[in-house]
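The amino acid sequence is not available; the structure is as follows:
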Ligand SMILES: Nc1ncnc2c1ncn2[C@@H]1O[C@H](COP(=O)(O)OP(=O)(O)OP(=O)(O)O)[C@@H](O)[C@H]1O
(Lines give C-alpha, C1' and ligand atoms only; values in the text may rest on other atoms or scores of the structure.)
Protein backbone atom coordinates (compact mmCIF):
# COMPACT_ATOMS: atom_id res chain seq x y z
CA UNK A 1 0.00 0.00 0.00
CA UNK A 2 2.88 2.35 0.81
CA UNK A 3 6.29 1.87 -0.77
CA UNK A 4 9.28 4.07 -0.09
CA UNK A 5 12.37 3.10 -2.04
CA UNK A 6 15.79 4.56 -1.19
CA UNK A 7 14.34 7.90 -0.10
CA UNK A 8 16.79 10.60 0.99
CA UNK A 9 16.21 14.16 2.12
CA UNK A 10 18.73 16.83 3.10
CA UNK A 11 17.79 20.33 4.17
CA UNK A 12 19.95 23.29 3.12
CA UNK A 13 22.33 21.02 1.21
CA UNK A 14 25.75 22.49 0.63
CA UNK A 15 25.40 25.22 3.27
CA UNK A 16 26.66 25.47 6.86
CA UNK A 17 23.11 24.65 7.95
CA UNK A 18 23.01 21.36 6.04
CA UNK A 19 20.83 18.77 7.81
CA UNK A 20 20.63 15.25 6.50
CA UNK A 21 17.13 14.20 7.61
CA UNK A 22 16.66 10.87 5.80
CA UNK A 23 19.26 8.63 4.23
CA UNK A 24 18.33 5.86 1.83
CA UNK A 25 15.12 4.90 3.61
CA UNK A 26 13.15 2.00 2.17
CA UNK A 27 9.89 0.93 3.75
CA UNK A 28 6.90 -1.05 2.52
CA UNK A 29 3.62 -1.16 4.38
CA UNK A 30 1.04 -3.79 3.56
CA UNK A 31 -2.64 -2.77 3.42
CA UNK A 32 -4.06 -2.26 6.92
CA UNK A 33 -0.62 -2.49 8.50
CA UNK A 34 -0.46 -0.22 11.57
CA UNK A 35 3.12 0.86 12.15
CA UNK A 36 4.31 2.87 15.12
CA UNK A 37 7.43 5.00 14.66
CA UNK A 38 9.80 5.91 17.47
CA UNK A 39 13.21 7.56 17.60
CA UNK A 40 15.11 10.33 19.33
CA UNK A 41 14.75 14.00 18.50
CA UNK A 42 15.84 14.81 14.97
CA UNK A 43 15.78 11.14 13.91
CA UNK A 44 13.71 11.98 10.81
CA UNK A 45 10.25 10.83 11.90
CA UNK A 46 8.34 13.98 10.93
CA UNK A 47 10.33 14.26 7.71
CA UNK A 48 9.26 10.73 6.85
CA UNK A 49 5.60 11.65 7.38
CA UNK A 50 6.00 14.92 5.47
CA UNK A 51 7.45 13.06 2.51
CA UNK A 52 4.61 10.54 2.50
CA UNK A 53 2.09 13.40 2.72
CA UNK A 54 3.81 15.34 -0.06
CA UNK A 55 4.47 18.34 2.18
CA UNK A 56 8.13 17.74 1.26
CA UNK A 57 9.60 16.23 -1.88
CA UNK A 58 12.54 13.82 -1.61
CA UNK A 59 15.97 14.57 -3.10
CA UNK A 60 16.12 11.01 -4.40
CA UNK A 61 14.17 7.80 -4.19
CA UNK A 62 10.53 7.04 -4.96
CA UNK A 63 7.26 6.98 -3.05
CA UNK A 64 4.35 4.83 -4.15
CA UNK A 65 0.84 4.68 -2.74
CA UNK A 66 -1.37 1.79 -3.76
CA UNK A 67 0.79 1.12 -6.80
CA UNK A 68 0.78 4.74 -8.05
CA UNK A 69 4.05 6.68 -8.14
CA UNK A 70 3.33 9.85 -6.11
CA UNK A 71 6.97 10.91 -5.66
CA UNK A 72 6.51 14.28 -7.40
CA UNK A 73 2.85 14.80 -6.54
CA UNK A 74 2.39 17.84 -4.26
CA UNK A 75 0.39 17.44 -1.06
CA UNK A 76 -2.91 18.87 -2.34
CA UNK A 77 -2.86 16.30 -5.18
CA UNK A 78 -2.30 13.51 -2.63
CA UNK A 79 -5.07 14.66 -0.32
CA UNK A 80 -7.42 11.94 -1.49
CA UNK A 81 -4.93 9.31 -0.37
CA UNK A 82 -3.86 10.77 2.95
CA UNK A 83 -5.48 11.42 6.32
CA UNK A 84 -3.28 13.20 8.84
CA UNK A 85 -3.51 14.26 12.47
CA UNK A 86 -0.88 16.57 13.93
CA UNK A 87 0.36 17.05 17.48
CA UNK A 88 -1.23 20.49 17.75
CA UNK A 89 -5.01 20.21 18.26
CA UNK A 90 -5.30 23.61 16.54
CA UNK A 91 -3.78 22.27 13.31
CA UNK A 92 -6.35 19.80 12.05
CA UNK A 93 -9.55 21.84 12.06
CA UNK A 94 -10.83 25.24 10.93
CA UNK A 95 -11.36 27.14 14.20
CA UNK A 96 -13.96 29.62 13.05
CA UNK A 97 -16.15 27.04 11.35
CA UNK A 98 -18.73 24.79 12.98
CA UNK A 99 -18.28 21.09 13.62
CA UNK A 100 -20.58 20.20 10.72
CA UNK A 101 -18.80 22.56 8.33
CA UNK A 102 -15.45 21.01 9.27
CA UNK A 103 -16.83 17.52 8.77
CA UNK A 104 -18.33 18.55 5.45
CA UNK A 105 -14.97 19.76 4.16
CA UNK A 106 -13.27 16.59 5.39
CA UNK A 107 -15.83 14.45 3.61
CA UNK A 108 -15.33 16.31 0.33
CA UNK A 109 -11.54 16.35 0.67
CA UNK A 110 -9.67 15.07 -2.30
CA UNK A 111 -12.78 14.01 -4.17
CA UNK A 112 -12.32 16.70 -6.81
CA UNK A 113 -15.81 18.10 -6.53
CA UNK A 114 -15.01 21.39 -4.85
CA UNK A 115 -15.62 22.02 -1.20
CA UNK A 116 -19.25 20.92 -1.17
CA UNK A 117 -19.86 22.93 1.96
CA UNK A 118 -23.61 22.34 2.02
CA UNK A 119 -24.85 20.15 4.84
CA UNK A 120 -27.81 18.09 3.72
CA UNK A 121 -30.12 16.21 6.08
CA UNK A 122 -28.58 12.88 5.07
CA UNK A 123 -25.09 14.19 5.67
CA UNK A 124 -26.10 15.58 9.04
CA UNK A 125 -27.47 12.19 10.11
CA UNK A 126 -24.19 10.59 9.02
CA UNK A 127 -22.17 13.17 10.96
CA UNK A 128 -24.29 12.62 14.07
CA UNK A 129 -23.74 8.88 13.91
CA UNK A 130 -19.99 9.31 13.40
CA UNK A 131 -19.68 11.86 16.21
CA UNK A 132 -21.70 9.65 18.54
CA UNK A 133 -19.01 6.97 18.15
CA UNK A 134 -16.58 9.34 19.88
CA UNK A 135 -18.77 9.31 23.01
CA UNK A 136 -18.06 12.97 23.72
CA UNK A 137 -21.58 14.31 23.11
CA UNK A 138 -20.40 16.22 20.03
CA UNK A 139 -23.30 14.81 18.01
CA UNK A 140 -25.49 17.32 19.84
CA UNK A 141 -23.16 20.21 19.00
CA UNK A 142 -23.01 20.18 15.21
CA UNK A 143 -23.42 23.94 15.04
CA UNK A 144 -20.77 24.69 17.66
CA UNK A 145 -17.76 26.60 16.38
CA UNK A 146 -14.72 24.31 16.63
CA UNK A 147 -12.63 26.98 18.37
CA UNK A 148 -14.81 26.48 21.45
CA UNK A 149 -13.89 22.81 21.86
CA UNK A 150 -11.24 21.51 24.25
CA UNK A 151 -7.94 20.15 22.93
CA UNK A 152 -9.06 16.56 23.44
CA UNK A 153 -12.39 17.14 21.72
CA UNK A 154 -10.65 18.81 18.79
CA UNK A 155 -8.14 16.00 18.47
CA UNK A 156 -10.94 13.43 18.51
CA UNK A 157 -12.71 15.46 15.81
CA UNK A 158 -9.47 15.75 13.78
CA UNK A 159 -9.07 11.99 14.00
CA UNK A 160 -12.62 11.46 12.81
CA UNK A 161 -12.08 13.91 9.95
CA UNK A 162 -8.85 12.18 8.96
CA UNK A 163 -10.35 8.70 8.95
CA UNK A 164 -14.00 8.65 7.97
CA UNK A 165 -13.32 9.21 4.29
CA UNK A 166 -11.14 6.07 4.49
CA UNK A 167 -7.80 7.40 3.21
CA UNK A 168 -5.29 4.94 1.81
CA UNK A 169 -2.72 6.10 4.38
CA UNK A 170 -3.29 7.54 7.86
CA UNK A 171 -0.44 9.64 9.28
CA UNK A 172 -0.41 10.40 13.00
CA UNK A 173 2.32 12.74 14.17
CA UNK A 174 2.47 12.55 17.98
CA UNK A 175 -1.24 13.27 17.92
CA UNK A 176 -1.77 12.47 21.61
CA UNK A 177 1.35 14.22 22.94
CA UNK A 178 -0.28 17.57 23.71
CA UNK A 179 -3.22 16.06 25.62
CA UNK A 180 -3.59 15.33 29.33
CA UNK A 181 -3.30 11.62 30.19
CA UNK A 182 -7.02 10.81 30.23
CA UNK A 183 -7.68 12.60 26.93
CA UNK A 184 -4.56 11.01 25.43
CA UNK A 185 -5.94 7.61 26.46
CA UNK A 186 -9.29 8.42 24.88
CA UNK A 187 -7.75 9.56 21.58
CA UNK A 188 -5.49 6.49 21.60
CA UNK A 189 -8.53 4.22 21.99
CA UNK A 190 -10.38 6.08 19.24
CA UNK A 191 -7.33 5.70 17.02
CA UNK A 192 -7.23 1.92 17.45
CA UNK A 193 -10.96 1.69 16.81
CA UNK A 194 -10.82 3.86 13.67
CA UNK A 195 -7.82 2.02 12.23
CA UNK A 196 -9.47 -1.33 12.81
CA UNK A 197 -12.88 -0.29 11.58
CA UNK A 198 -11.63 1.27 8.34
CA UNK A 199 -8.66 -1.12 7.85
CA UNK A 200 -6.33 1.85 7.52
CA UNK A 201 -2.68 1.58 6.61
CA UNK A 202 -1.18 3.71 9.36
CA UNK A 203 2.09 5.36 10.34
CA UNK A 204 1.99 6.72 13.90
CA UNK A 205 4.88 8.71 15.36
CA UNK A 206 5.11 8.66 19.15
CA UNK A 207 7.69 9.36 21.81
CA UNK A 208 5.89 7.01 24.16
CA UNK A 209 7.49 3.59 23.86
CA UNK A 210 4.74 1.84 25.81
CA UNK A 211 2.21 3.24 23.37
CA UNK A 212 4.41 2.25 20.42
CA UNK A 213 4.54 -1.32 21.71
CA UNK A 214 0.90 -1.54 22.73
CA UNK A 215 -0.55 -0.22 19.47
CA UNK A 216 -0.23 -1.49 15.97
CA UNK A 217 1.14 -4.52 14.21
CA UNK A 218 4.63 -3.28 13.42
CA UNK A 219 7.17 -0.94 15.01
CA UNK A 220 10.08 0.91 13.47
CA UNK A 221 12.76 2.85 15.29
CA UNK A 222 14.61 5.61 13.49
CA UNK A 223 18.00 7.06 14.26
CA UNK A 224 19.87 9.75 12.37
CA UNK A 225 17.69 9.45 9.28
CA UNK A 226 17.69 5.66 9.02
CA UNK A 227 15.39 2.86 10.11
CA UNK A 228 17.43 0.93 12.67
CA UNK A 229 14.79 -1.41 14.14
CA UNK A 230 11.84 -2.96 12.34
CA UNK A 231 9.74 -5.54 14.20
CA UNK A 232 6.33 -6.99 13.44
CA UNK A 233 3.94 -9.72 14.48
CA UNK A 234 4.92 -11.89 17.39
CA UNK A 235 8.34 -10.32 17.67
CA UNK A 236 6.67 -6.98 18.28
CA UNK A 237 4.16 -8.45 20.70
CA UNK A 238 6.99 -9.94 22.76
CA UNK A 239 9.17 -6.80 22.69
CA UNK A 240 9.54 -4.68 25.83
CA UNK A 241 10.70 -1.14 26.48
CA UNK A 242 13.97 -2.63 27.76
CA UNK A 243 14.41 -4.41 24.41
CA UNK A 244 13.91 -1.15 22.53
CA UNK A 245 16.37 0.69 24.74
CA UNK A 246 18.85 -2.15 24.31
CA UNK A 247 18.44 -1.99 20.55
CA UNK A 248 18.91 1.75 20.61
CA UNK A 249 22.02 1.53 22.76
CA UNK A 250 23.52 -0.90 20.30
CA UNK A 251 22.98 1.59 17.52
CA UNK A 252 24.04 4.61 19.44
CA UNK A 253 26.87 3.13 21.49
CA UNK A 254 27.39 3.13 25.23
CA UNK A 255 26.63 6.15 27.40
CA UNK A 256 23.29 6.84 25.78
CA UNK A 257 20.84 8.74 27.97
CA UNK A 258 17.57 6.85 27.54
CA UNK A 259 15.44 9.89 28.33
CA UNK A 260 15.96 11.18 24.82
CA UNK A 261 13.84 8.33 23.64
CA UNK A 262 11.39 8.13 26.50
CA UNK A 263 10.32 11.70 26.90
N1 LIG B 1 12.07 22.33 7.52
C2 LIG B 1 13.29 22.02 7.93
N3 LIG B 1 14.33 22.81 7.67
C4 LIG B 1 15.57 22.47 8.06
N5 LIG B 1 15.90 21.38 8.74
C6 LIG B 1 14.89 20.54 9.05
C7 LIG B 1 13.53 20.81 8.67
N8 LIG B 1 12.75 19.80 9.12
C9 LIG B 1 13.56 18.93 9.74
N10 LIG B 1 14.85 19.37 9.70
C11 LIG B 1 16.04 18.68 10.24
O12 LIG B 1 15.97 17.34 9.78
C13 LIG B 1 16.33 16.45 10.82
C14 LIG B 1 15.17 15.50 11.08
O15 LIG B 1 14.11 16.25 11.66
P16 LIG B 1 12.67 15.64 11.96
O17 LIG B 1 11.80 16.78 12.39
O18 LIG B 1 12.22 14.82 10.83
O19 LIG B 1 12.99 14.70 13.20
P20 LIG B 1 11.99 14.00 14.24
O21 LIG B 1 12.46 12.61 14.37
O22 LIG B 1 10.59 14.22 13.82
O23 LIG B 1 12.33 14.80 15.56
P24 LIG B 1 11.42 15.21 16.83
O25 LIG B 1 11.14 13.96 17.57
O26 LIG B 1 12.29 16.13 17.57
O27 LIG B 1 10.17 15.87 16.28
C28 LIG B 1 16.72 17.31 12.01
O29 LIG B 1 18.11 17.48 11.97
C30 LIG B 1 16.00 18.59 11.75
O31 LIG B 1 16.71 19.68 12.32
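Perfect, thanks for sending it. Because the structure is predicted, anything quoted here is derived from the model rather than measured.

State the three-state secondary structure for residue 203.
Assigned state for residue 203: strand (three-state reduction, DSSP: H, G, I helix; E, B strand; the rest coil).

so residue 106 touches residue 164, yeah?
Yes. When contacts are counted by Cβ atoms under 8 Å, residue 106 is listed as touching residue 164 (7.1 Å). Placement of C-beta: from N, CA and C, glycine included.

what about those two, which has more around it?
The neighbour count for residue 106 versus residue 164, taken as other Cβ atoms under 10 Å, is higher for residue 106 (22 against 19).

Contact partners for the spatially closest residue to that one that is not a sequence neighbour?
Excluding the flanking residues, the one nearest residue 106 by Cβ to Cβ, 6 or more residues apart in numbering is residue 161, at 3.6 Å. With contact taken as Cβ atoms under 8 Å, 6 or more residues apart in numbering, residue 161 is in contact with 83, 92-93, 102-103, 106.

would you turn those residues into JSON lines with distance to the ligand, pLDDT and secondary structure?
Formatted as JSON lines, those follow (distance: Cβ to the nearest ligand atom, whole Å; pLDDT from 0 to 100; DSSP: H, G, I helix; E, B strand; the rest coil):
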{"residue": "83", "distance to the ligand": "19", "pLDDT": "92", "secondary structure": "strand"}
{"residue": "92", "distance to the ligand": "17", "pLDDT": "82", "secondary structure": "coil"}
{"residue": "93", "distance to the ligand": "22", "pLDDT": "88", "secondary structure": "coil"}
{"residue": "102", "distance to the ligand": "26", "pLDDT": "93", "secondary structure": "helix"}
{"residue": "103", "distance to the ligand": "29", "pLDDT": "92", "secondary structure": "helix"}
{"residue": "106", "distance to the ligand": "25", "pLDDT": "87", "secondary structure": "helix"}
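
can you give me how far stretch 222-240 is from the chain middle?
Centroid separation between stretch 222-240 and its chain, computed with Cα atoms, centre = their mean, to the nearest Å, is 17 Å.

From the opening residue of that stretch to its closing one, how far?
Terminal residues of stretch 222-240 lie 17 Å apart, using Cα to Cα, to the nearest Å.

Thanks a lot, see you next time.
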